[in-house]
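Engineer: sequence? don't have it. structure:
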């Protein structure tokens, strides 16, 4: 609670590290034994959150080479904790004297001081985006395991500032072709122009990320406090800069009607199906077998080069200019973080679901 | 996990009960000792979720008289679990033969069968709105305790269908004057007309609920997985029919810019303050001292009197008509449920926050 | 934490109630769906902790008729929380003015005041043996489920005061024939004489309870903090009056040697077996397939009719005489409590174990 | 659950690592901010579990130099997770072909295979004593914090094989003077002779460790499942090779009587006190202000040089000789592990206790 760096009930991840300590990492506990896993599997995910891939992400040099410190033997998970670490580089170089004493607008500086009495002011400390390295490393493991069970994640940028993807032009292959991870080349081009303008104006942009999960069995999640919706919301809102979460039609349901919003059940190829998917793949907190769809709203990058009004530790009103290179938008780099948190959440629900029925438990133990 | 009926880390609530069992209830564990508490305190909250208060809530007779079964001695909480129960009435009267074998669109019937192999099909079983009786009873306790610390909750209906409150006409006193709990008499009147039309068309409406929390100290919540935003999102999405959650400017931040969205800090009456509150009272997962504001989007009531297409347990496509009286909109009765889940979440964060600093811990133990 | 009335990770029990409130009970959450269950199943366990069955248990009238309030439909568990309650009787009759203001030796009175500022002084409040009603009701469910999987519990009194069972005379059928639950008629007779003497001297006796669990698959438990030994120890030490726990040869191993204490593995009927069972069925925190054996040491009943020295709330040294009828020994009535806590712990480990291996998880989901 | 490498509710530790991976470590989450902490503080504890300090501990070279990877800024804890790591050395050198295919008696080899399908057979894998490096590193932090609040731990070897400390000769200063950590020079000399004999006979010895905790406020712990006794038992039984736990008079209470065992309360220097301390400092699961005393029984080192009978993975009965140098007794090196687990448990209870009373909570928040 007090620091709250552990997430998950069965597949449990504990992240650690600040932007300017020796490194960042994660301990993944409760990973089932027997999953083939090597550093390359994890690196592939980490590389998706790397900066420097376009004009719109920071040019800082971050190698982010992951090391597996425990939990793997002869190329497979052993069931014991998997400790993963990425070393920080050049963590002593910058000059943080300015932000040491003042509270940056849109950042957690003031809240850290209020809660803990002081803070590690270098590069955002624990609230740095670098904390997500641990989440993504864990997410890579969860996603690999889920893939073996036929469950896939498709995550992309849905909008940046006022520019939204036109879903009629949706092209999955396009997602990795543009630096903004948008499934629509035209929207990506337009958003790029918008971001250039933001940068010229020393301003920044927000955006929306969407995630679609397919291959889910029905019945994952629980009817009350462990609803799959509830746990996904928690997971996604735990990502810095997220201010909203919605599942299926989300906020739009508030203006819809029951006749429109209820998804009629039907049979398709001998299986239960739904004619529509307004619910986004969940009913009563459990998966309904349809694709699970959710969105997260990200606020504009709070670090902007413009002069801003604020207050310092001595309670004096001052003006500040935050130096350094900053992403004008968070969403593209956050796409893999969203996917990772979703993967950890889904895997946890999938494992929990194994104990729901006595007949299946009896069948499980009859064979061992 | 498997049923997931416990919520909270320190102030921990465990709800139980179905719509047609002997009753519904909650065990509240971890409530600090010394809070004056009687059944009237809890009944006042429960009465806010009562049906039958207007044309737009069901006319079922539910007395919902709460009994305190444990945890109180000489009018005060003792620190031991507070068990609260409300008996169900007339739970054997209805004819559920139709829904026993088929899956109602928009309901969890199919998911229950997929997960558990069968279900208590009477009146929604565990997914019934009656489950929230336990949440509201617990929320009444949390809110009473928080009130003693100067923390207040104001929760109301923000919109119903296409009709939104005009915030320039916001009138707190109006909230309890209209049956829709709207802080704007004109909007309430317009929404009433809309709901009448829905009922005539055997249709239903969705809506949005907003909650404003004042008096919070800065620093509640944590920087990573126990963000106050994250736990509120989880709490609110655990309420049936909620499909979206947003805090502060929420989804609107995605189209905003850093210059607009960053709240400048300033001094006010010698204390830290902010010139705006786009963040909704939270930065980096911790309260920033400004009012905490969030919204929940509710889907339209899935139970509608119209004929709908669905599938039965034998995999046959069929038409159904769901009998019985149903609320055409969920939001007004859910307002107190949202407030209750928020109160439990805030209290839990407030208790957890006590262990954040060694100097305060040392001070605490020096005196006892 | 603060009150700590929840136990278990997946099969989770939450007890509530004091000796003199309206009742005592338990919410069992996470019970798999499909277990046939009725009140008679639970009553049979509760009856084993009933007083008044011999001269050595209190003559208080306690019917302890259990009511199932939720979680059962058509005679089977539904996977949702099972709420169980037993009403208290005659809870207002006694005169507690004396113990209201003074601290009984051997009781928790002083600690309650130190922790919570005041206490429910009637009949021990939350520390009353009546709290175990909830544990036993939950244990009855866990044991019934485990029985369907071939796992059995045999629990009995191993010693009372200086009188120990002679294991060469061990007779399982004898356990339920004598009021002390001893598997040795001669020891039971001798212990009875000892207890009569204790009662004449207004004194009380301690004792040891032993539990043997058979039919366990190998591999339950985990290698580090969730060792089966560790969780059993926690479960058993959570029973009031228990001051020691040992598994297998227990404290005797401290004087043994590796050559003696190591159990040689062997093959028996084509399966792995051990020639001896000094380990008590657990190695490295996991079950090894041999019977799991543990013991709990109970202190003498602290409520004795003799005059004792103590202190009152005003800090004055005083003498007290505790009135009322008290069991001269706790063990016989605690036997079923020990068994119940063991059953809950074993079931929880058995459910957790289902997620240990990817091949078994893949097999599980392939079929549904 | 599945791997169970996290312990503690508020002050939460997560250990990771095997004997032959890249290293071992721990993430300490929930440590209050503001504790001065450097690597030297932790190293002092780790050095107490170092081998090679006498003839009776293994001569393996283990530097165990700890690195703090996160959570410290300007010499103080920041409230964020403290990641600690010790690199393993020479982890690829040994020949483990023999134990790869067979099950060592007294070890967890068979259980690992039963649970996970295979195991990291090098040097005990996750069940290696090296896993305790993480516990001790965490314990050093907990103990340092508790020391600032006036709480001290004294932990020592109480017996080895048949040789027990004579408490009338108890000499605290002696503990660190002999290699066995015994507070009685004569007993240490006698135990040394006994161990020499064990080694000559390729045998090993068990023993008992005792821990005394002073300076505890009354009221830590809770009345039901979070009893301080219960959590200490869990913590201590989670240490490999522990087969028994007792608090206060422990198993001896089973043969005592109420008149003897009840500790009379009295006043001493104006404060509540007890004339005796049979309870070992806890009543009803909460500290009573007297020193907390508990003991742990350790089995003889299972790794012995003698030929033993066992079974291999193919189900064939075989003889094995386990090569390598092994401690003839575990207790001396385990003393600091016991102390560390106790420190983590006590600190967790101390933090949890802060939320027990509304008056103290109100007082806490009034000042911030």
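Structural biologist: Alright, I've got the coordinates. Values in this document were obtained by computation on a predicted structure and should not be read as measured data.
Engineer: residue in the stretch 101-250 of chain A nearest to chain B?
Structural biologist: residue A:108 (2.3 Å; C-beta to the nearest C-beta). In this view, the C-beta of every residue, glycine as well, is placed from N, C-alpha and C.
Engineer: which one is that residue nearest to, not counting chain neighbours?
Structural biologist: Excluding its sequence neighbours, the residue lying closest to residue A:108 (C-beta to C-beta, 6 or more residues apart in numbering or on different chains) is residue B:284, at 2.3 Å.
Engineer: that older thread, pretty sure the residue of the stretch 101-250 of chain A closest to chain B contacts residue B:221?
Structural biologist: No - counting by C-beta atoms under 8 Å, residue A:108 stays clear of residue B:221, with 9.8 Å between them.
Engineer: what do these two both touch?
Structural biologist: In terms of C-beta atoms under 8 Å, 6 or more residues apart in numbering or on different chains, residue A:108 and residue B:221 are both contacted by the residues B:285, B:286.
Engineer: okay, those two: which has more neighbours?
Structural biologist: residue B:221 (31 against 27; other C-beta atoms under 10 Å in any protein chain shown).
Engineer: who's the more buried one bridged to?
Structural biologist: On the basis of DSSP bridges, residue B:221 is bridged to residue B:286.
Engineer: pLDDT score for it?
Structural biologist: Looking at residue B:221, its pLDDT stands at 98.
Engineer: and stretch A:332-341, how far from the chain's centre?
Structural biologist: Relative to its parent chain, stretch A:332-341 has a centroid offset of 4 Å by C-alpha atoms, centre = their mean, to the nearest Å.
Engineer: go on, stretch A:136-144?
Structural biologist: For stretch A:136-144, the distance to the chain centre is 11 Å (C-alpha atoms, centre = their mean).
Engineer: ditto for stretch A:107-118
Structural biologist: 24 Å.
Engineer: how about stretch A:318-338?
Structural biologist: Stretch A:318-338 has its C-alpha centroid displaced from the chain centroid by 15 Å (C-alpha atoms, centre = their mean).
Engineer: which ones are touching residue A:314?
Structural biologist: Residues counted as contacts of residue A:314 (C-beta under 8 Å, 6+ apart) are residue A:101.
Engineer: A strand includes it, no?
Structural biologist: No - using DSSP: H, G, I helix; E, B strand; the rest coil, the assignment for residue A:314 is coil, not a strand.
Engineer: give me the distance between it and chain C.
Structural biologist: The gap separating residue A:314 from chain C is 38 Å, by C-beta to the nearest C-beta, to the nearest Å.
Engineer: how about residue A:284?
Structural biologist: On the measure of C-beta to the nearest C-beta, residue A:284 and chain C end up 12 Å apart.
Engineer: contacting residues for that residue?
Structural biologist: Residue A:284 touches A:223, A:227, B:107, B:108, B:111, B:112, B:127, B:240, counting by C-beta under 8 Å, 6+ apart.
Engineer: quick one on the thing from earlier: okay, the residue of the stretch 101-250 of chain A closest to chain B: pLDDT?
Structural biologist: If you check residue A:108, the pLDDT there is 96.
Engineer: next, the contact list for it, please.
Structural biologist: Residue A:108 neighbours (C-beta under 8 Å, 6+ apart): A:124, A:127, B:223, B:283, B:284, B:285, B:286.
Engineer: got it, and residue A:153?
Structural biologist: If a contact means C-beta under 8 Å, 6+ apart, then residue A:153 has A:143, A:146, A:211, A:212, A:213, A:339, A:342, A:343 as its contacts.
Engineer: could you tell me which of these are located in strands?
Structural biologist: Of these, the ones assigned to strands by DSSP state E are A:211, A:212, A:213.
Engineer: count of neighbours near the residue nearest to the last one when sequence neighbours are not counted?
Structural biologist: Counting by C-beta to C-beta, 6+ apart, residue A:292 is the residue found nearest to residue A:213 once chain neighbours are left out, at 4.3 Å. A count of nearby residues for residue A:292, using other C-beta under 10 Å, gives 29.
Engineer: and residue A:273, by the same measure?
Structural biologist: 17.
Engineer: quickly list what it is bridged to.
Structural biologist: residue A:266.
Engineer: on that earlier part again, most surrounded residue in the contacts of residue A:153?
Structural biologist: The most neighbours of any of these, using other C-beta under 10 Å, belong to residue A:343, which has 30 neighbours.
Engineer: any idea how far chain B is from the residue nearest to residue A:213?
Structural biologist: Using C-beta to the nearest C-beta, one obtains 12 Å as the distance from residue A:292 to chain B.
Engineer: pLDDT wise, what is that residue at?
Structural biologist: Model confidence at residue A:292, given as pLDDT, is 98.
Engineer: what residues are up against it?
Structural biologist: A:212, A:213, A:216, A:228, A:247, A:280, A:281, A:282, A:346.
Engineer: next step: those residues restricted to strands.
Structural biologist: Mapping those onto strands (DSSP E) picks out A:212, A:213, A:247, A:282.
Engineer: about what we covered before: out of the contacts of residue A:284, which end up buried?
Structural biologist: A:223, A:227, B:107, B:108, B:111, B:112, B:127, B:240 (16 or more other C-beta atoms under 10 Å in any protein chain shown).
Engineer: ok, which stretches of the stretch 101-250 of chain A are helices?
Structural biologist: Here the stretch 101-250 of chain A has its helices, by DSSP state H, counting those that start in this stretch, at A:109-116, A:132-148, A:185-200, A:228-237.
Engineer: pick the most buried one from the ones you listed.
Structural biologist: Highest mean neighbour count among the helices of the stretch 101-250 of chain A (mean count of other C-beta atoms under 10 Å in any protein chain shown): helix A:228-237, with a mean of 30.
Engineer: now that one and helix B:109-116, what's the angle there?
Structural biologist: Angle, helix A:228-237 to helix B:109-116, by axes from the mean of the first three to the mean of the last three C-alpha atoms, to 10 degrees: 90 degrees.
Engineer: tell me the pLDDT at the closest residue to residue A:126 other than its chain neighbours?
Structural biologist: Closest residue to residue A:126 apart from its sequence neighbours, by C-beta to C-beta, 6+ apart: residue D:80 at 4.2 Å. pLDDT recorded at residue D:80 is 96.
Engineer: ok, residue A:120 next?
Structural biologist: pLDDT recorded at residue A:120 is 91.
Engineer: contact partners for it?
Structural biologist: Applying C-beta under 8 Å, 6+ apart, the residues near residue A:120 are A:18, A:20, A:21, A:126, D:73, D:78, D:80.
Engineer: next, the second one: secondary structure please.
Structural biologist: Three states are possible here, and by three-state DSSP the one that applies to residue A:20 is coil.
Engineer: just confirm residue A:183 contacts residue A:174, I think it does.
Structural biologist: Yes - contact criterion C-beta under 8 Å: residue A:183 and residue A:174 qualify, at 5.3 Å.
Engineer: looking at the two, which one has more neighbours?
Structural biologist: residue A:183 (24 against 19).
Engineer: which ones are touching that one?
Structural biologist: With contact taken as C-beta under 8 Å, 6+ apart, residue A:183 is in contact with A:156, A:165, A:170, A:171, A:172, A:174, A:175.
Engineer: identify the farthest-apart pair in the residues you listed.
Structural biologist: Spanning the widest gap among the contacts of residue A:183 are A:165 and A:172, at 11.7 Å by C-beta to C-beta.
Engineer: the more surrounded of those two?
Structural biologist: Neighbour tally, residue A:165 and residue A:172, criterion other C-beta under 10 Å: the higher count belongs to residue A:165, 24 against 10.
Engineer: for the more buried one, what are its contacts?
Structural biologist: Counting by C-beta under 8 Å, 6+ apart, residue A:165 makes contact with A:156, A:157, A:158, A:159, A:182, A:183, A:184, A:187.
Engineer: please name the nearest non-neighbouring residue to it.
Structural biologist: Residue A:165's closest residue in space is residue A:184 (C-beta to C-beta, 6+ apart), at 4.3 Å.
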